[in-house]
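Visitor: Could you look at this predicted model? Sequence included:
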Amino acid sequence: MKETILKIKKQGVFVAVDVVFDGDYENIHKFVSWALANSIPLRILEVVDLIFDENSNRTKYFEMRDKVFGEFKLKRDIDELDETVGYYEGRKMVSFYHSFCKEKRCDICHSLAIRVNSNGTIKGCLISTRNDIDLLDGEDISIHIRTFMNAPYFNFFCNKL
C-alpha cells in the first residue's frame, strides 16, 4: 500500500493517508515516521466502533496524540474544525480527528471526505450501512460517486441511524 501511495504521489497527485488509532501506538509511530519522511499528510482518526469502552478509548487516543507531538516535535495548533493538528517543517502534516460520531457532529463529518473501505464500499457514515454503495459491482464507478455526492440523504445520517 505504501509503495502504491508513493507511486501516485510521484505522478503529481496530492495524496494523504488516514489511519485509525485502535490502541496500537507502535503502528501509529511507524505511520507518522513514514508520512513525515515522505512528506505525506497523515490524519489519525479515533476509532468509531461503538463496542469499545468510549472513555477508556478516548483517553488512550488523547495520550497517543500527546506522545506523537512530543516524540516528533510537532508544532501544535487547532484548525478550522476545532481539531488538533501538528506542523512539521512549517507544513501541516499530522491531524488528529477524534470521533465526530461520538460528538454527534454529522454536519462536520459528512463534508470531510468520501470514505471508501478496503472492500470497495463507499460510505457516507462510518456507523451506518444504510446508504453504502458498492463501487466494485461492475457498474461505472464515476456514476456511483456522482450519485453518492448528489444524494439528498448525505447530510442526515445522525437523524436516520
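Guide: The structure has been received and is ready for your questions. Numbering: from 1, shown residues only.

Visitor: can you give me the helices in the chain?
Guide: With DSSP state H as the criterion, the chain has helices at 2-10, 25-37, 54-72, 100-103, 106-109, 141-150, 157-160.

Visitor: for the first one, which positions count as buried?
Guide: Going by neighbour count (16 or more other Cβ atoms under 10 Å), the buried part of helix 2-10 is Ile5. Every residue, glycine included, has its C-beta placed from N, CA and C.

Visitor: Leu36: what's it in contact with?
Guide: Leu36 sits next to Phe72, Tyr88, Met93, Val94 when contact means Cβ atoms under 8 Å, 6 or more residues apart in numbering.

Visitor: Quickly note the distance from it to Asp22.
Guide: Look at Leu36 and Asp22: by Cβ to Cβ, to the nearest Å, they are 21 Å apart.

Visitor: Poorly predicted segments of the protein, please.
Guide: The chain contains residues with pLDDT under 70 at 48-56, 98-114, 124-130, 151-161.

Visitor: Distance from the top strand by length along it to the middle of the chain?
Guide: Counting residues, the longest strand found in the chain (DSSP state E) is strand 91-97. The chain centroid and the centroid of strand 91-97 are separated by 11 Å under Cα atoms, centre = their mean, to the nearest Å.

Visitor: Can you name the residues in contact with that strand?
Guide: With Cβ under 8 Å, 6+ apart as the test, strand 91-97 has contacts from 32, 35-36, 39, 41-46, 61, 65, 68, 72, 74, 77, 79, 81, 83-88, 112.

Visitor: Recalculate using a threshold of 10 Å.
Guide: Applying Cβ atoms under 10 Å, 6 or more residues apart in numbering, the set of residues contacting strand 91-97 from outside is 16, 18, 20-21, 28, 31-32, 35-36, 39-46, 61-62, 64-66, 68-69, 72, 74-77, 79, 81, 83-88, 108-109, 112.

Visitor: quick revisit: could I get the helices of the chain as CSV with distance to Asp132?
Guide: CSV is the format used below for those (distance: least, Cβ to Cβ, whole Å):
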stretch, distance to Asp132
helix 2-10, 24
helix 25-37, 26
helix 54-72, 24
helix 100-103, 16
helix 106-109, 16
helix 141-150, 10
helix 157-160, 11
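
Visitor: Just the CA atoms of the longest strand of the chain, as CSV, please.
Guide: C-alpha atoms of strand 91-97 as CSV (Å, rounded to 0.1, in the frame of the first residue of the first chain):
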residue,chain,number,x,y,z
ARG,A,91,3.7,22.3,6.9
LYS,A,92,0.5,20.8,8.4
MET,A,93,1.5,17.1,8.4
VAL,A,94,-0.4,15.3,11.1
SER,A,95,-4.0,15.9,12.0
PHE,A,96,-5.8,14.3,14.9
TYR,A,97,-9.6,13.8,14.3
